[in-house]
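**Q** Provide a 3D model corresponding to the input given below.
(chains A and B)
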Amino acid sequence: NAGVTQTPKFQVLKTGQSMTLQCAQDMNHNSMYWYRQDPGMGLRLIYYSASEGTTDKGEVPNGYNVSRLNKREFSLRLESAAPSQTSVYFCASRSQGTDTQYFGPGTRLTVL
Amino acid sequence: AQRVTQPEKLLSVFKGAPVELKCNYSYSGSPELFWYVQYSRQRLQLLLRHISRESIKGFTADLNKGETSFHLKKPFAQEEDSAMYYCALISYNTDKLIFGTGTRLQVFP
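**A** Just a heads-up that it's a prediction; the model follows:
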């Protein structure tokens, strides 16, 4: 099993450009999450999805949209990137009935 | 409000020294607390959870409800323990993990 995979690993955008970060898990988990990691801020939840077809805002949702395409995939979209969105983005998933979240390797995004 | 506080951004020790990474929380009810670790160039992974009362890689953490703390301890640090450590609690009414800001542990030879 690959676990949680994310693409791309690195991305550089110009202000105003759009892009979609992809996340997939092959563990048949119900819940999926998107976090951003910034120095001194820890991990902050952007959006999460408790099950296929549902999504909810986290702590810092502004400027982002998500899609839970199916049980495996949960994408994060930046419609108009801003320098403040320069960060490392992590996707995670969790199986119903357990507490452990499994993380992807991260996407390092730079917005110029 | 539900919150996790890690007061130290950086903790530096020499190999063989004891380590204590501090974590305090605020939560109404019975919390479920975790320590996650991120080694250099690796993904975040679960180190231990309080409910298991286990020792992983020599680390232990005891939940102290009176002091609302969940400090991570290891009696003798190793160089390979150098990493970023995050304390987290789960918010059951919202199905979310709440992370602290993290502490970077540096273990010098």
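
**Q** now the residue of chain A most remote from its centre: how far from chain B?
**A** Ranked by distance from the centre of chain A (C-alpha atoms, centre = their mean), the top residue is residue A:97, with 21.6 Å. Per C-beta to the nearest C-beta, to the nearest Å, residue A:97 is found 12 Å from chain B. No exception for glycine: its C-beta is placed from N, CA and C like everyone else's.

**Q** that's a helix at that residue, yeah?
**A** No. Counting by DSSP: H, G, I helix; E, B strand; the rest coil, residue A:97 is located in no helix; its state is coil.

**Q** so how far is residue A:31 from it?
**A** 11 Å (C-beta to C-beta, to the nearest Å).

**Q** please apply the same query to residue A:17.
**A** Using C-beta to C-beta, one obtains 30 Å as the distance from residue A:17 to residue A:31.

**Q** so the two - more neighbours on which side?
**A** residue A:31 (20 against 14; other C-beta atoms under 10 Å in any protein chain shown).

**Q** specify the beta-bridge partners of that one.
**A** Counting by DSSP bridges, residue A:31 forms beta bridges with residue A:94.

**Q** just the pLDDT for it.
**A** We have a pLDDT of 92 for residue A:31.

**Q** which residues are in contact with it?
**A** Neighbouring residues of residue A:31 by C-beta atoms under 8 Å, 6 or more residues apart in numbering or on different chains: A:48, A:49, A:50, A:51, A:93, A:94, A:95, A:96, B:95.
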